[in-house]
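K.L.:
Just to be clear, the model below is a prediction. Sequence and coordinates:
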Amino acid sequence: MQISEIDTQTSLRSAHTCKIGKVFKERRQLLSLSESEVASEIFVNINYIKGIEYGDYSIFPARIFALQYFNKYANYLNLKLDFFDIYNSQ
């Protein structure tokens, strides 16, 4: 494999973000909501909902988007969670 073929993108997923994502997913399921229903209700791209639930923030174009959508989704589900800043933990 040549160096140009190696994916050099920083991973924006960790065990901690996955645990937080699981909290989001479990709360959403407890409320009997689908990912698409949530996305429609809070006007957020469904891929961002999935990214938060899977703990993978590489879907977001920048940290500020991840932070804002995380907070918007947490407020919608009435979750009191702090954003784990994986962007600064690298």
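P.N.:
Received, thanks.

K.L.:
Select the longest helix from this structure.
P.N.:
Longest helix in the chain, counting residues (DSSP state H): helix 15-30.

K.L.:
Pull out the buried positions in whichever helix or strand comes after that helix.
P.N.:
From helix 15-30 onward toward the C-terminus, using DSSP states H and E, the following helix or strand is helix 35-42. Along helix 35-42, these residues count as buried under the neighbour rule (16 or more other Cβ atoms under 10 Å): 38, 39. (Glycine included, C-beta is placed from N, CA and C.)

K.L.:
Return helix 35-42 as CSV; C-alpha atoms alone will do.
P.N.:
Only the C-alpha atoms of helix 35-42 are listed here, as CSV (Å, rounded to 0.1, in the frame of the first residue of the first chain):
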residue,chain,number,x,y,z
GLU,A,35,-34.3,8.4,13.6
SER,A,36,-36.2,10.0,10.8
GLU,A,37,-39.0,11.3,13.1
VAL,A,38,-36.4,13.0,15.3
ALA,A,39,-34.6,14.5,12.3
SER,A,40,-37.9,15.8,11.0
GLU,A,41,-39.0,17.2,14.4
ILE,A,42,-35.7,19.1,15.2
